[in-house]
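Q: Coordinates for the following, if possible.
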Amino acid sequence: MFTGIIEETGRVKNISQGENSSRLVIEGNKIFQQIQLGDSVAVNGVCLTVCNLSNTVFEADVMRETLSRSSLGNLKQGSIVNLERAMEAEGQFGGHIVSGHIDGTGTIVRMRSEGIAMWIRISTSPGIMKYIVEKGSIAMDGVSLTVARVQPDSFEISLIPHTWKGTALRTKTVGDVVNLENDIIGKYVEKLLHLKDTAQENKNSISMEFLIQNGF
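A: Here you go, the predicted structure:
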């Protein structure tokens, strides 16, 4: 599990393309303290497993499913990425619950500065928009953010200078694709409500005629 508080930005040092996969070689600095083979690292919000490690470089395999559902397939040598190690049990929980299992992608359709803030509008699919609420949380490229405004097919976030300068979001521009992970609480609530409706439908289907037909 992650928190969406980015520890540092890293750089894609190399990408090896396989038939239906790729291997990312990522260079960083701060996250290599206590990191080991097999550990999880969120790269632009996508949970990847460290499969090779040396000094300040780690490698991670990305399978076809992940490439097709995320923006990792758009990375190039030299791309700047957000990095976060999995949360430690005794660590601070400064953002919100982020699983590293993104729900899909969105496209940046507008960027504008307003005083110290940088506003970014992201267009995305109805399947993702239904979980987005004003003042709710969303992870964008792994960064825990508060939703400032919501429209039918897009939403806006407003970044303070610390977040803008300290994450890979500073490298984004209009037209770029970003990874999105909805707040997991909304998805669980929807699931529970659906189960309640299903249980009520089953209850309503038990009639006297149904009982007689089934030998009661």
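
Q: so G136 touches V189, yeah?
A: No: with contacts counted by CB atoms under 8 Å, G136 stays clear of V189, the gap being 11.9 Å. No exception for glycine: its C-beta is placed from N, CA and C like everyone else's.

Q: neighbour-wise, which of the two wins?
A: It is G136, of G136 and V189, that has more neighbours when counted by other CB atoms under 10 Å, with 17 against 12.

Q: T124 reaches L180, doesn't it?
A: Yes: using CB under 8 Å as the test, T124 is close enough to L180 to be in contact (6.1 Å).

Q: need the contact list for the residue positioned nearest the centre of the chain.
A: Closest to where the C-alpha atoms of the chain average out (CA atoms, centre = their mean) is E181, at 3.5 Å. Neighbouring residues of E181 by CB atoms under 8 Å, 6 or more residues apart in numbering: G45, V98, S99, G100, H101, I102, D103, I138, A139, G142.

Q: nearest residue to the fifth one other than its sequence neighbours?
A: What it means is H101. C47 (6.5 Å; CB to CB, 6 or more residues apart in numbering).

Q: which SS class is the one you found?
A: strand (DSSP: H, G, I helix; E, B strand; the rest coil).

Q: what about this protein, any weak spots by pLDDT?
A: For the chain, residues meeting the criterion pLDDT under 70 lie at 196-206, 208, 210-211, 214-216.

Q: roughly how far apart are T107 and A148?
A: 18 Å (CB to CB, to the nearest Å).

Q: same question, T3
A: For T3, the distance to A148 - CB to CB - is 20 Å.

Q: the more surrounded of these two?
A: T3 (21 against 16).

Q: contacting residues for that one?
A: Applying CB under 8 Å, 6+ apart, we find T3 in contact with E84, M87, G91, Q92, F93, G94, G95, H96, I97, V98, S144.
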